[in-house]
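>>> here is my input; please provide its structure:
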Amino acid sequence: MGRKEEKPRVDIYARITDRIVADLGKGVRPWMQPWRSTNAIGRVTRPLRHNGLPYSGMNVLLLWSEAMARGYVSPVWMTFKQAIELGGAVRKGETGIMVVFASRFTKAETDGHGGEVEREIPFLKAYTAFNVAQIDGLPERYHAKAEPVRDPIERIEEADRFFANTGAVIQHGGDRAFYSPGSDHIQMPPFQTFRDAASYVAVLSHEATHWTSAFHRVNRDLSRYGKDRSERAREELIAELGSCFLCADLGIVPELEPRPDHVSYLDSWLKVLAEDKRAIFSAAAHAQRAVAFLHSLQPAVSEQREAA
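The predicted structure follows:
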């Protein structure tokens, strides 16, 4: 039974990774595709569940990519059963998109001394989701018109407050953007050198994701970043995904063109993903953890914790 259970898990990793590798092979970063579609005209957001809660991690990439491929405007997705419970019905002939649920279970095993130890085993389960555009009979709120576009200046000011609340030391000068683990600071080129304010926020989001790696934050090991090209590629992929997630949360359309200093990572990403079918899942999980940490530093989140 163990072998039968293992095969579908591996197939899920392989199917999704192969799809992303195919896109990268064409020079397309699939996690950036939705920003070119009509769903970026009204509001920028992560994909949403039927109850309004956002998807996270790998599912963000899967649903963004599918929304772009199929031209869906609404960010809302739900299962066949959820649609029925809401009084709707998936139209005949419609095909859903695979989303995944990752968790762990504990298994008791015998160690070399005859004692019993518990080991956590990760597992992945797939299920199918449909966009509201594929479903008839849903309550009107699921087909509401797109919200008015928020004032760009208001969104940038909100982003400025967000990064200020993290407490990160952000210095400006030079022509490179980077995070320095030794001095624990983020270096950014002067604001006026960016194409626009959204590009500045996208790059700062990328560097802020790197900043979370410190041991007293999310503790992501960067010790081999400067020595191992593969490890460097993995960390840059995490930061790129983190930037996309955070920009969506802030209502900012991220930069569409890759930074010149990141173009070289494309071949490295292809190599990493080809060798490790779980690498993109790991990168998305790390990116999600980093962005969640940045959100946890915001006053509103702190106040909610104290009230609880």
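>>> for residue 143, which non-adjacent residue is spatially closest?
residue 132 (6.9 Å; CB to CB, 6 or more residues apart in numbering). Every residue, glycine included, has its C-beta placed from N, CA and C.
>>> give me the number of residues near the one you found?
21 (other CB atoms under 10 Å).
>>> likewise residue 11?
13.
>>> which SSE is it in?
helix 2-25 (DSSP states H and E).
>>> ok, now residue 100?
Counting by DSSP H and E, residue 100 is found in strand 97-110.
>>> list the buried residues for that strand?
Within strand 97-110, the residues that count as buried by 16 or more other CB atoms under 10 Å are 97, 99-100.
>>> hang on, the earlier thing: avg pLDDT for the helix holding residue 11?
Regarding helix 2-25, the rounded mean pLDDT is 69.
>>> after it, next one along is what?
Scanning forward in sequence from helix 2-25 by DSSP H and E, the next helix or strand is helix 58-70.
>>> ok so, going back, got the contact list for the residue nearest to residue 143?
74, 76-78, 138, 142-143 (CB atoms under 8 Å, 6 or more residues apart in numbering).
>>> please redo it, this time with the cut-off set to 10 Å
48, 50, 72-78, 83, 86, 88, 138, 142-143 (CB atoms under 10 Å, 6 or more residues apart in numbering).
>>> farthest pair within those residues?
Spatial extent of those (CB to CB) is set by the pair 73 and 86 at 19.1 Å.
>>> show me the domain layout of this structure.
1-148, 150-308 (automatic domain parsing).
>>> looking at those domains, which is buried most?
domain 150-308 (a mean of 17; mean count of other CB atoms under 10 Å).
>>> off-centre distance for it?
Relative to the centre of its chain, domain 150-308 is centred 11 Å away, using CA atoms, centre = their mean, to the nearest Å.
>>> show me where this structure has strands.
For the chain, applying DSSP state E gives strands covering 77-78, 89-90, 97-110, 116-131, 135-136, 170-172, 178-180, 185-188.
>>> residue 237: which of the ones you listed is closest?
Here strand 178-180 is closest among the strands of the chain (CB to CB), at 15.1 Å.
>>> what's the average pLDDT for that closest one?
96.
>>> which ones are touching the closest residue to residue 170 other than its chain neighbours?
Spatially, and ignoring its direct neighbours in sequence, residue 170 is nearest to residue 186 (4.8 Å; CB to CB, 6+ apart). Contact analysis of residue 186 by CB under 10 Å, 6+ apart lists 163, 166, 168-172, 177-180, 203-204, 206-208, 210-211.
>>> from residue 193, how far off is residue 186?
16 Å (CB to CB, to the nearest Å).
>>> now residue 215
32 Å.
>>> ok, residue 18 next?
39 Å.
>>> kindly report the same for residue 135.
From residue 135 to residue 193 the distance is 46 Å (CB to CB).
>>> over to residue 16?
37 Å.
>>> kindly report the same for residue 235.
From residue 235 to residue 193 the distance is 25 Å (CB to CB).
>>> same deal with residue 24?
In terms of CB to CB, residue 24 sits 29 Å off from residue 193.
>>> again with residue 288
On the measure of CB to CB, residue 288 and residue 193 end up 30 Å apart.
>>> do the same with residue 47
33 Å.
>>> for residue 165, same thing?
Distance, residue 165 to residue 193, by CB to CB: 25 Å.
>>> equivalent analysis for residue 279, please.
33 Å.
>>> again, but for residue 176
Counting by CB to CB - residue 176 and residue 193 are separated by 11 Å.
>>> again with residue 207
15 Å.
>>> try residue 59
Taken as CB to CB, the span from residue 59 to residue 193 is 35 Å.
>>> ok, now residue 67?
33 Å.
>>> check residue 80 too.
Counting by CB to CB - residue 80 and residue 193 are separated by 50 Å.
>>> can you check residue 267 too?
With CB to CB as the criterion, residue 267 and residue 193 are 28 Å apart.
>>> residue 169 reaches residue 185, doesn't it?
Yes. Counting by CB atoms under 10 Å, residue 169 touches residue 185, with 4.1 Å between them.
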